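S.K.: Sharing a model that was predicted from the sequence below.
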Amino acid sequence: MAELEKVPLVDIDPDGTFKYVLIRVSYREKLDDYKDIVRGYGWAEYHADIYDKAAEEIEKDHVLDCECLGGGRIAHCCSSKKIHIYGYSVGFGRARHSVTMELIKTKYPGYEVTWSNEGY
């Protein structure tokens with residue numbers, strides 16, 4: 001059961017405004033054993049680009065499965081230690097930004113992390 005624990009909760013770009021997805025990772029044989037993770041990068045033109053890259057990496061050993069729970073945008077300002085989560089994904093729908101916020105707080109404990117359903 002160590003495979004699930006090895007998957008980092010949060011992997012986002014260190015600065016800028018970019019798209020993100022909230023992903024549920026579970027064992028193929030035990031769907032009730034899961035954790036939600038956040039991935040967000042400035043290189044992605046579409047939310048699906050982020051999901052596809054993350055899922056390919058996580059599912060490569062055929063032990064874990066991924067499901068996209070939605071997306072949005074993240075504005076990350078490292079100089080002021082602020083992260084704002086907002087918007088939605090046209091393809092995946094709006095992620096639960098409150099869940100995303102709690103996950104991001106685990107990686108960025110000294111940051112002011114906020115969210116809103118406004119904007120795209």
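M.R.: Arrived safely. Numbers count the residues shown, from 1 in each chain.

S.K.: If you drop the residues flanking it in sequence, what lies closest to Lys105?
M.R.: Leaving out its chain neighbours, the residue that sits closest to Lys105 by C-beta to C-beta, 6 or more residues apart in numbering is Val113, at 5.3 Å. For every residue, glycine as well, the C-beta is placed using N, CA and C.

S.K.: Also Phe18?
M.R.: Nearest residue to Phe18, sequence neighbours excluded (C-beta to C-beta, 6+ apart): Gly42, at 4.1 Å.

S.K.: what separates the one you found from Pro14, distance-wise?
M.R.: Applying C-beta to C-beta, to the nearest Å, the value for Gly42 to Pro14 is 10 Å.

S.K.: which of the two has more neighbours?
M.R.: Gly42 (14 against 7; other C-beta atoms under 10 Å).

S.K.: which residues sit in contact with the more buried one?
M.R.: Asp13, Gly16, Thr17, Phe18 (C-beta atoms under 8 Å, 6 or more residues apart in numbering).
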